[in-house]
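J.: Could you work out the structure for the sequence below:
(chains A and B)
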Amino acid sequence: NAGVTQTPKFRILKIGQSMTLQCAQDMNHNYMYWYRQDPGMGLKLIYYSVGAGITDKGEVPNGYNVSRSTTEDFPLRLELAAPSQTSVYFCASRSDMWGPKVFGPGTRLTVL
Amino acid sequence: DAKTTQPPSMDCAEGRAANLPCNHSTISGNEYVYWYRQIHSQGPQYIIHGLKNNETNEMASLIITEDRKSSTLILPHATLRDTAVYYCIVTDGNEKLTFGTGTRLTIIP
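T.: Okay, the predicted model is just below:
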């Protein structure tokens, strides 16, 4: 199993540009999550999904959108990128609400 | 989800047991205690979790007090590779909780 994969690893965006961060898992996990981590801080939940077609907001959803059309994929869309979105983004998955989360390696995003 | 309190940093000598405390005095009956760690800038890694009984796996032991208001993660023989930020999370599974800033554990050679 590849586990949780994220692409790209690094990206620089200009203010106002849009992009999609990709996340995929091959463990048939129902639950998937997007977090952001600012320097020296803990992880903050952006969005999560409990299964295909079901998504919900986390603590910091503004400026982001998600979709979950398949069990495997959970892309995160940034519209109109702002410098405040400069961060490291982690995707995670778990089999059910009690299972341990498996995290991806992260995407480091810089908005200039 | 209950909030947790952890010391910001700790040091431990290589080869010794590292004991990382976590206070979760507002924990409710259906909430589990989870521990994760983050090595440098990598994605967090699951370590262990428990509800009320003490738990042990190949990585660590988790000791939960009888009143469940605090817990301790024990790394029995710390190595330099255990240097990381350790997060204690309390959740009933429906968490929208963020990970806090955790405890930065430094293993000293």
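
J.: the strands in chain A, which residues?
T.: Here chain A has its strands, by DSSP state E, at A:4-7, A:10-13, A:19-25, A:31-37, A:43-51, A:54-57, A:64-66, A:76-78, A:87-94, A:102-103, A:107-111.

J.: average pLDDT for the fourth one?
T.: So the one you mean is strand A:31-37. Across strand A:31-37, the average pLDDT comes to 95.

J.: which parts of chain B sit against chain A?
T.: Proximity of chain B to chain A, by C-beta under 8 Å from any C-beta of the partner chain, involves residues B:32, B:34, B:36, B:41-46, B:49, B:87, B:93-102. (Each C-beta comes from the backbone N, C-alpha and C, glycine too.)

J.: Just the buried residues of those.
T.: B:32, B:34, B:36, B:43-46, B:49, B:87, B:95, B:97-100, B:102 (16 or more other C-beta atoms under 10 Å in any protein chain shown).

J.: Just flag the most distant two among those.
T.: B:Y32 and B:G43 (20.6 Å; C-beta to C-beta).

J.: Show me the beta-bridge partners of the nearest residue to B:N57 once chain neighbours are set aside.
T.: Closest residue to B:N57 apart from its sequence neighbours, by C-beta to C-beta, 6 or more residues apart in numbering or on different chains: B:I48 at 5.6 Å. Beta-bridge pairing for B:I48 (DSSP bridges): B:W35.

J.: residues near B:I48, how many?
T.: B:I48: 19 surrounding residues under other C-beta atoms under 10 Å in any protein chain shown.

J.: Same question for B:A17.
T.: B:A17, neighbours per other C-beta under 10 Å, totals 12.

J.: swap in B:L80?
T.: Neighbours of B:L80 using other C-beta under 10 Å come to 10.

J.: so what's the residue lying closest to it once chain neighbours are set aside up against?
T.: Nearest residue to B:L80 in three dimensions, chain neighbours excluded: B:I107, at 5.2 Å (C-beta to C-beta, 6+ apart). B:I107 is in contact with B:11-14, B:18, B:78-83, counting by C-beta atoms under 8 Å, 6 or more residues apart in numbering or on different chains.

J.: now A:V111
T.: So A:V111 contacts A:12-15, A:81-86 (C-beta under 8 Å, 6+ apart).
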